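1. generate coordinates for the sequence data below:
(chains A, B and C)
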Amino acid sequence: MTQDPLLAGLAALAADAPEGLYDRIAARWIRMPSRVGELTVAFTDHGVAYVHHGDGFAATFRKRFGRPLVESGRPPSGLMTALRTGRVGGLRLDLRGLSDFQRDVLTAAGSIPRGEVRPYSWIAARIGRPRAVRAVGTALGHNPVPLLIPCHRVTRADGDPGGYVFGAQAKERLLLDEGVDLAGTRELAEANVFYLASDTTGIVCFPTCHNARRITARHRRGFRTLADAAKAGYRPCRVCRPAA
DNA sequence: TCGGTGGCCCTTA
DNA sequence: ATAAGGGCCACCG
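-> Modelled structure (predicted):
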């Protein structure tokens, strides 16, 4: 990529062009530490466009984005903390070139708070495509900016964390790091419990919802389905929104 | 209980 | 343009 003729041509063009033109065409890349090891991150003047793990960054970037690349000495502000803590803050993302469906999926995934998880089917319901559950999985598998858009917080309905672009073990590590009680949710799943309710409030939540975690043991009730909970008189939490 | 399986639907080759 | 296949899910035996 260092000897890219297209890149050289564009650089030459830019020399005579208005300030900033080149930056509108090219992307910059930089290596960054993260909770799952070293990453290569590409960004444009619109924000972070691509987060890559492992080898083959340049080839994959070229295939997916077809933009020239130049190395950068300095990360965009906020990127370092976003990667370390999982809190994105005001960091800008460049999500151009994605389909509406993909953008909808990623936006919904981005709404899952740190320390919590939601099923793939929840995303599907939230974006108004309740049957596109599997397509949600593929879209998340193509998330160009993992960690920054927390697709690792989307897990399978059966309690298994499910797959991840950077590997299932990385997903588990991230979730544990964020305070998700994976052992606890697995135990619940084994007992066929996928929702938790409080008999004092009459509200039913996803188990990792911060509201569900505060239910005291004597008032906690578990349900296998939302329908079961509704039948017992519980209404869905307005924060974690277990129903569409 | 668990593995198989059909359904679903978006993307890519 | 069409067919295959994917970070899934619910149901069946």
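2. following element in sequence after the strand or helix carrying residue A:176, please.
-> Under the criterion of DSSP states H and E, residue A:176 resides in helix A:168-177. Sequence order places helix A:182-190 as the next helix or strand after helix A:168-177, per DSSP H and E.
3. return the list of helices and strands in contact with that next one.
-> Here helix A:182-190 is seen to pack against helix A:168-177 when contacts are counted using 3 or more CB pairs under 8 Å, 6 or more residues apart in numbering; DSSP states H and E. (Each C-beta comes from the backbone N, C-alpha and C, glycine too.)
4. and the helix it packs on, average pLDDT?
-> This predicted structure assigns helix A:168-177 an average pLDDT of 97.
5. which other residues reach it?
-> Helix A:168-177 is contacted by residues A:35-36, A:53, A:86, A:117, A:147, A:152-153, A:155, A:161-164, A:182 when judged by CB atoms under 8 Å, 6 or more residues apart in numbering.
6. switch the cut-off to 10 Å
-> Outside of helix A:168-177, the residues that reach it under the criterion CB atoms under 10 Å, 6 or more residues apart in numbering are A:34-37, A:53, A:85-86, A:114-117, A:146-147, A:150-155, A:160-167, A:180-183, A:185, A:208.
7. what ranges do the helices span in chain A?
-> With helices called from DSSP state H, chain A shows them at A:5-16, A:21-25, A:57-65, A:79-85, A:100-110, A:120-126, A:133-141, A:168-177, A:182-190, A:226-231.
8. do you know which of those lies nearest residue A:47?
-> Closest approach to residue A:47 among these is made by helix A:79-85 (9.6 Å; CB to CB).
9. circling back: mind listing what's buried in the helix holding residue A:176?
-> Under the neighbour-count criterion of 16 or more other CB atoms under 10 Å, helix A:168-177 has A:170, A:171, A:172, A:173, A:174, A:175 buried.
10. out of those, which comes closest to DNA strand B?
-> Using CB to the nearest atom of the strand, residue A:172 is the member of the buried residues of helix A:168-177 that sits closest to DNA strand B, with 18.6 Å.
11. mind showing which ranges of chain A have poor pLDDT?
-> Using pLDDT under 70 as the threshold, the predicted model of chain A has low-confidence ranges A:1-19, A:244.
12. return the residues of it in contact with DNA strand C.
-> On the criterion CB under 7 Å from any atom of the strand, DNA strand C has as its neighbours in chain A the residues A:119-121, A:133-138, A:140-141, A:143, A:146, A:151-152, A:154, A:156-158, A:162-165, A:171.
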